[in-house]
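Trainee: Only the shape, not the letters, is given here:
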Ligand SMILES: Nc1ncnc2c1ncn2[C@@H]1O[C@H](COP(=O)(O)OP(=O)(O)OP(=O)(O)O)[C@@H](O)[C@H]1O
């Protein structure tokens, strides 16, 4: 089921939680809604579900305008972080619930319901636990039952709100992988809310980054991480150093030091240069004779996974964080030259005025 969202707005007592959101989700896609607390992720999901009425705009399921269709008739399945299972029902009865409460005319016969429950138990890898009660399950198992229950009625669209939010990091990671596998098997159109960027980037086909009720960027995990469209996305996803620069005749300057961007940029005036820690090249200090003009002093050095991270003071109290190879001989107090290999420049209003040239497919693989 394809979902199209057009100019969707939602206000609560005059407070605008969503501002004119446009979004297209292809049938069978797994899409993450990512953003900080209060950015409108849950509100967007709830409006798509029909649990909240939109203040303006439309939600289409396929060709049908679903905006005013009641939640029961939308054919959506939900899993919420704290969507409690029915405590007095067994796992099997919880999963069967959506089918067994259907009106007699559309309710499948008991043998069919039992068969479906068996298939779902197998899908969520809980076969053998069907007679247990929710209190006899771990948090991860409960969320798997919740997912099986949501899938029982064969929803056209599956909506998940921080489904693994309350679980510990290791279980979250396992369930993430497992959710992706289930999604690939069932082919549901799936939307899930998370504030965990790692979860969004690892799991989703595309990520929608929200801030203050506005979509900041929609893209594949690679696009979101490697080509952030706005300063907000740069700051929110991954790490970045921000350097105040001045653009003059196509060149960027940090005070009087020219930053070797490699290409000319458009525009004129103060701007901000964003660079990820692993996108800096380190070289000899000092202009001329192959030295780099942007020079700084190593002030901190610490291990970061397989590499090291260093903070470099480049004057006037400005620090940039760079990643350096563990084998590189760099020590605190060293003066080094810096050059951004990949970067993006924004004017103060967030308008992008340039970025490092796109990588070739060969470079992307490397
Ligand atoms: N029922 C409500 N009444 C009034 N304001 C609301 C209501 N629901 C949400 N809001 C407000 O709308 C904004 C967006 O909330 P929403 O729950 O969608 O954010 P979120 O991105 O899901 O945040 P979180 O990650 O904290 O769950 C917030 O400022 C919130 O206070």
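Mentor: Yep, it's here. Being a predicted model, the structure only gives us computed values, none of them experimental.
Trainee: List the contacts of the closest residue to the ligand within the stretch 51-200 of the chain.
Mentor: The nearest approach of the stretch 51-200 of the chain to the ligand comes at residue 195, 4.9 Å away (Cβ to the nearest ligand atom). Just so you know, the C-beta spots here come from the backbone N, C-alpha and C atoms, and that holds for glycine as well. Shown in contact with residue 195 (Cβ atoms under 8 Å, 6 or more residues apart in numbering): 34-37, 41, 162.
Trainee: Span of stretch 315-332 from start to end?
Mentor: 16 Å (Cα to Cα, to the nearest Å).
Trainee: If you count neighbours, what's buried in that stretch?
Mentor: 320-324, 330 (16 or more other Cβ atoms under 10 Å).
Trainee: Quick check: bridge partners of residue 320?
Mentor: residue 312 (DSSP bridges).
Trainee: Run a quick check on it versus residue 339, I expect a contact.
Mentor: No. Between residue 320 and residue 339 there is no contact under Cβ atoms under 8 Å: 11.5 Å.
Trainee: Quick check: neighbours shared by the two?
Mentor: residue 280.
Trainee: tell me the helices in the stretch 51-200 of the chain, going along the chain?
Mentor: 91-100, 110-123, 139-152, 169-186, 197-203 (DSSP state H, counting those that start in this stretch).
Trainee: does any bit of the last one sit next to the ligand?
Mentor: No. Against the ligand, helix 197-203 shows no contacts by Cβ under 6 Å from any ligand atom, the least distance being 12.4 Å.
Trainee: what does that helix contact?
Mentor: Against helix 197-203 from outside (Cβ under 8 Å, 6+ apart): 30, 32, 34, 164, 172, 176, 179-180, 192, 194, 207, 221, 224-225, 236-238.
Trainee: Distance of residue 222 relative to residue 8?
Mentor: 27 Å (Cβ to Cβ, to the nearest Å).
Trainee: which of these two has more neighbours?
Mentor: Between residue 222 and residue 8, counted using other Cβ atoms under 10 Å, the more crowded position is residue 8 (23 against 11).
Trainee: ok, which residues in the chain are in contact with the ligand?
Mentor: 12, 15, 17, 35, 37-43, 195.
Trainee: Out of the residues you listed, which comes closest to residue 100?
Mentor: residue 42 (28.8 Å; Cβ to Cβ).
Trainee: element containing the closest one, please.
Mentor: Assessed by DSSP states H and E, residue 42 sits inside helix 41-49.
Trainee: So which elements touch that helix?
Mentor: Contacts defined by 3 or more Cβ pairs under 8 Å, 6 or more residues apart in numbering; DSSP states H and E place helix 41-49 against strand 3-12, strand 15-25, strand 30-34, strand 76-80, strand 157-161, strand 189-194.
Trainee: Tell me which of these sits nearest to residue 312.
Mentor: That would be, of these and by Cβ to Cβ, strand 30-34, which comes in at 29.9 Å.
Trainee: can you give me the mean pLDDT across the closest one?
Mentor: Per-residue pLDDT over strand 30-34 has a mean of 97.
Trainee: so how far is that strand off the chain centroid?
Mentor: Relative to its parent chain, strand 30-34 has a centroid offset of 6 Å by Cα atoms, centre = their mean, to the nearest Å.
Trainee: Contacts for it next, please.
Mentor: Contacts to strand 30-34, defined as Cβ under 8 Å, 6+ apart, come from residues 25, 41, 44-45, 180, 183, 190-197, 199-200, 203-210.
Trainee: Within the sheet, what are the partner strands of that strand, with directions?
Mentor: Next to strand 30-34 in the sheet, as set by DSSP bridges, lie strand 189-194 (parallel), strand 206-211 (parallel).
Trainee: Kindly reformat the ones you listed as CSV containing mean neighbour count and mean pLDDT.
Mentor: As requested, these are exported to CSV (neighbours: other Cβ atoms under 10 Å; pLDDT from 0 to 100):
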stretch, mean neighbour count, mean pLDDT
strand 189-194, 25, 95
strand 206-211, 23, 97
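Trainee: Mind putting these into CSV with distance to residue 60?
Mentor: As requested, these are exported to CSV (distance: least, Cβ to Cβ, whole Å):
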stretch, distance to residue 60
strand 189-194, 12
strand 206-211, 17
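Trainee: for this protein, which spans come out with low pLDDT?
Mentor: 83, 287-291, 358-366 (pLDDT under 70).
Trainee: Can you tell me the centre-most residue of it?
Mentor: residue 200 (3.6 Å; Cα atoms, centre = their mean).
Trainee: Next, find the distance separating the closest residue to that one other than its chain neighbours from the ligand.
Mentor: Take residue 200 and drop its neighbours on the chain: the residue closest to it by Cβ to Cβ, 6 or more residues apart in numbering is residue 32, 3.7 Å away. Separation of residue 32 from the ligand (Cβ to the nearest ligand atom, to the nearest Å): 12 Å.
Trainee: Just the helices from the stretch 251-366 of the chain, written as ranges.
Mentor: Counting by DSSP H, counting those that start in this stretch, the helices of the stretch 251-366 of the chain are 361-365.
Trainee: Taking the contacts of residue 195 together, which two end up most distant?
Mentor: Farthest pair in the contacts of residue 195 (Cβ to Cβ) is 36 and 162. Separation: 13.1 Å.
Trainee: Of those two, which one has the most company?
Mentor: residue 162 (19 against 13).
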